[in-house]
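Trainee: following is a predicted model, sequence given first.
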Amino acid sequence: MSSSGRKKKTASHAKKPADPIPKQNGSGTADVTSKKELRPYVDRFQGHRVLVVGDLMLDHYIWGSVQRISPEAPVPVVNVLRESVLLGGAGNVLHNILTLGGQGILCSVVGPDDAGRWLSDELRSKGIESGGIVIEEERPTTKKTRIIAHQQQIVRYDHEKKAEISAKTEKKFIQFINDQIYRIDCLVISDYAKGVITKGLLGAILPLARRRGIPVIVDPKVHHFSLYKKVTVITPNHLEASQASGIEIENEATLQQAGKTLLKKLGCQAVLITRGEQGMSLFDKSGEITHIPTEARQVFDVTGAGDTVVSTLSLAISAGAPLPMAARLANHAAGVVVGMVGTTAIEKAMLEKALS
């Protein structure tokens, strides 16, 4: 469930629908944590600092209305009413952390262009230090433009270069993260496969986080799964979990097989598989499986839901919430943002309202 078109945390895909989440069975239990139990952790978000490493992008929205079909081709003609630009990708993760009351640091790359300058200025306006943002001269800033009419996305077009960051940039990132690791409570890897997350970078920073006892949460891409070993929590969606485990998730049995397979492959503490309208399923290395039903009442747009999940998880874990409670909080937060159109950072007051 990216901003920037990432539909990962609420989208699900399979040849046939997954079985409904069981209320209770021998190998997994439905989550019964009350909202009252979750509220104290939200109050503790304040002051916790999260370092986000990943692909920063600019989310550009063109809002309009459609009254007719073009005579030139069978496509709608959009009458543009307004435009907006927002922090996207890893920037949206950071933005969610800030609006939830936490503190954030960002490590990413931009290009020497208008989009990169806007992102740098926007981060600066939010009090984010610029030391972790590197400008690569040959790389355009990743920019995703969506055209929205009548609360619905008509088309999206992207400006991007997916090549890996240079060795020089990678070295700068490693040094920056090494300097920041003593100041943070959690590390988030926001991987959109746009070039920031590399084998060399993760090979340097993940052992560093483990030595310092810093929890690591990964919002993954399938072809990087082998790089995420021994992290704290990884948050694939239904399709990503199927692809990474090699097991097509079609029912409760195959869901459990996939979750257990990923735990074994990665040696991580937990796998949180997000399943769209089926909710979430948390697989812990202890063998405990917790099924969390969805909290979304209406789904208008899943853009950015994945960013909200990892942001809320990072703060909840930093605040001392056990993993099942942290996942439930993330589920409530995602249920709020999918009810709004466009990239949306959840505010602390919104999450508190959802829990009241």
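Mentor: That came through, no problem.
Trainee: mind listing what's buried in stretch 40-54?
Mentor: Within stretch 40-54, the residues that qualify as buried are 41-42, 45, 48-54, counting by 16 or more other Cβ atoms under 10 Å. Using the backbone N, CA and C atoms, a C-beta is placed for each residue, glycine as well.
Trainee: for it, list the C-alpha coordinates in PDB.
Mentor: In PDB, the C-alpha atoms belonging to stretch 40-54 read as follows (Å, rounded to 0.1, in the frame of the first residue of the first chain):
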ATOM      1  CA  PRO A  40      -1.300   5.600  24.400                       C
ATOM      2  CA  TYR A  41       1.300   4.600  21.800                       C
ATOM      3  CA  VAL A  42       0.100   7.500  19.500                       C
ATOM      4  CA  ASP A  43       0.700   9.900  22.400                       C
ATOM      5  CA  ARG A  44       4.300   8.600  22.600                       C
ATOM      6  CA  PHE A  45       5.100   9.200  18.900                       C
ATOM      7  CA  GLN A  46       6.300  12.700  19.800                       C
ATOM      8  CA  GLY A  47      10.100  13.100  19.900                       C
ATOM      9  CA  HIS A  48      11.000   9.800  18.300                       C
ATOM     10  CA  ARG A  49      13.400  10.200  15.300                       C
ATOM     11  CA  VAL A  50      13.200   8.100  12.200                       C
ATOM     12  CA  LEU A  51      15.800   8.000   9.400                       C
ATOM     13  CA  VAL A  52      14.200   7.300   6.000                       C
ATOM     14  CA  VAL A  53      16.500   6.000   3.200                       C
ATOM     15  CA  GLY A  54      15.000   5.600  -0.200                       C
END
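Trainee: low-confidence ranges, the chain, go.
Mentor: Low-confidence regions of the chain, defined by pLDDT under 70, span residues 1-33, 295-304, 340-343.
Trainee: now intersect the buried residues of stretch 40-54 with the helices, please.
Mentor: Using DSSP state H, the members of the buried residues of stretch 40-54 that fall in helices are 41-42.
Trainee: out of the buried residues of stretch 40-54, who's nearest Ala193?
Mentor: Sorting these by distance to Ala193 puts Gly54 at the head of the list, at 10.0 Å, by Cβ to Cβ.
Trainee: name the next helix or strand downstream of the strand or helix carrying Arg146, please.
Mentor: Applying DSSP states H and E as the criterion places Arg146 in strand 143-149. The element immediately downstream of strand 143-149 (helix or strand, assigned by DSSP H and E) is strand 152-159.
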